[in-house]
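Peer 1: Starting from these lines, generate the structure:
(2 chains)
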2 protein chains.
Amino acid sequence: MKLPVSTEWLLHCATTLAQLDPGATASAAQLAEYYDLPAPYLAKQLQALVRAGVLSATTGPRGGFRLARPAAEITLLAIVEAVDGASSPYECREIRRQGVGALPDEDCRRTCVLAARMADAHEAWRGSLAGVSLADILAELPPTAPARTRSRIAATTRPAPHR
Amino acid sequence: MKLPVSTEWLLHCATTLAQLDPGATASAAQLAEYYDLPAPYLAKQLQALVRAGVLSATTGPRGGFRLARPAAEITLLAIVEAVDGASSPYECREIRRQGVGALPDEDCRRTCVLAARMADAHEAWRGSLAGVSLADILAELPPTAPARTRSRIAATTRPAPHR
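Peer 2: Modelled structure (predicted):
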């Protein structure tokens, strides 16, 4: 059971964008340089966050990505599920209905008890991540972090013609 | 983020073994026939449950698998982690330390806030599964289930010389 490596990238990129001045953006190339990540793959993943309504993308020479909503309204769950989808890691293939032990249909109208308890665990995981917003994350960073983040993002290379 | 398909197999096989008479066993071949599963791969997975202390294996003509502990002391977590290991699905590769935005060492003595919240979610998932035992699962089955399970296991093929 593994989340994609890009989960870490996007949690950090979203946290970085949450520290920019209101309305400011950072491009995929800038974020890739900021974290030394492969730019084309990061760009694709950032687009997944746009599709999920977590980020918005603007075009043009000063364009790039910014949060689509206030940081307090973006949960870690929204970011993680934008990367990996929302399905449970447990797959029930209904083996209770097959083989010598196959249960009759009337005993299978309710969800399998085991599948139900696995779904409960997935909901506990989701609930934990739904309870943490980017604003909560920022509140745990040192007070000097946002200014440093902004100055370091400014030190990354803007695409031409602004180089 | 996916658990192995065999997670379902082993949750069901352990639930089946929990319904047998005290001391009774079922072989990998019997359990494979019971659920129409590939016997050699199931046998390997059952051995993982033995190594994890969930099942015990006995050899000889009437040998096979049975619970190593009372059903009330075997949690779904023990079974799932025997199959898939106990590591978190979230992998922190410390990208906060790399690229233009690399944080100085003194800012990285504590676990990354994002990694800590992802670990919290994993613990919520683990806690949910640790709170459900095989005895809890049995208590949710219809009262007629154990007798049916025993008679159907008895209908599977015992290995020679008992065929």
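Peer 1: after the lengthiest helix in chain A, next one along is what?
Peer 2: The longest helix of chain A (DSSP state H) is helix A:113-130. Next helix or strand after helix A:113-130 toward the C-terminus (DSSP states H and E): helix A:134-140.
Peer 1: Mind listing residues that contact that following helix?
Peer 2: Helix A:134-140 has contacts (CB atoms under 8 Å, 6 or more residues apart in numbering or on different chains) with A:14-15, A:18-19, A:67, A:70-72, A:74-76, A:145-146, B:113-114, B:117. Every residue, glycine included, has its C-beta placed from N, CA and C.
Peer 1: please redo it, this time with the cut-off set to 10 Å
Peer 2: With CB atoms under 10 Å, 6 or more residues apart in numbering or on different chains as the test, helix A:134-140 has contacts from A:11-12, A:14-15, A:17-19, A:54, A:67, A:69-76, A:78-79, A:132-133, A:145-146, A:149, B:110, B:112-114, B:116-117.
Peer 1: I'd like the list of the residues you listed that fall within strands, please.
Peer 2: residue A:67 (DSSP state E).
Peer 1: What subset of the contacts of helix A:134-140 is buried?
Peer 2: A:11-12, A:14-15, A:17-19, A:54, A:67, A:71, A:74-76, A:78-79, A:132-133, A:145-146, A:149, B:112-114, B:117 (16 or more other CB atoms under 10 Å in any protein chain shown).
Peer 1: rewinding a little: could you see whether chain B lies near the longest helix of chain A?
Peer 2: Yes - using CB under 10 Å from any CB of the partner chain, helix A:113-130 reaches chain B at A:113-130.
Peer 1: Of these, grab the buried ones for ChimeraX.
Peer 2: Remark: buried members of the residues of helix A:113-130 next to chain B, expressed as a ChimeraX selection using 16+ other CB under 10 Å:
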select /A:113,114,115,117,118,119,120,121,122,124,125,126,128,129,130
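Peer 1: and stretch A:24-35, which residues are buried?
Peer 2: Neighbour-count burial for stretch A:24-35 [16+ other CB under 10 Å]: A:25, A:26, A:27, A:28, A:29, A:30, A:31, A:32, A:33, A:34, A:35.
Peer 1: Next, check those residues against the strands and list the overlap.
Peer 2: Using DSSP E, none of the buried residues of stretch A:24-35 sit in strands.
Peer 1: With that, I have no additional questions.
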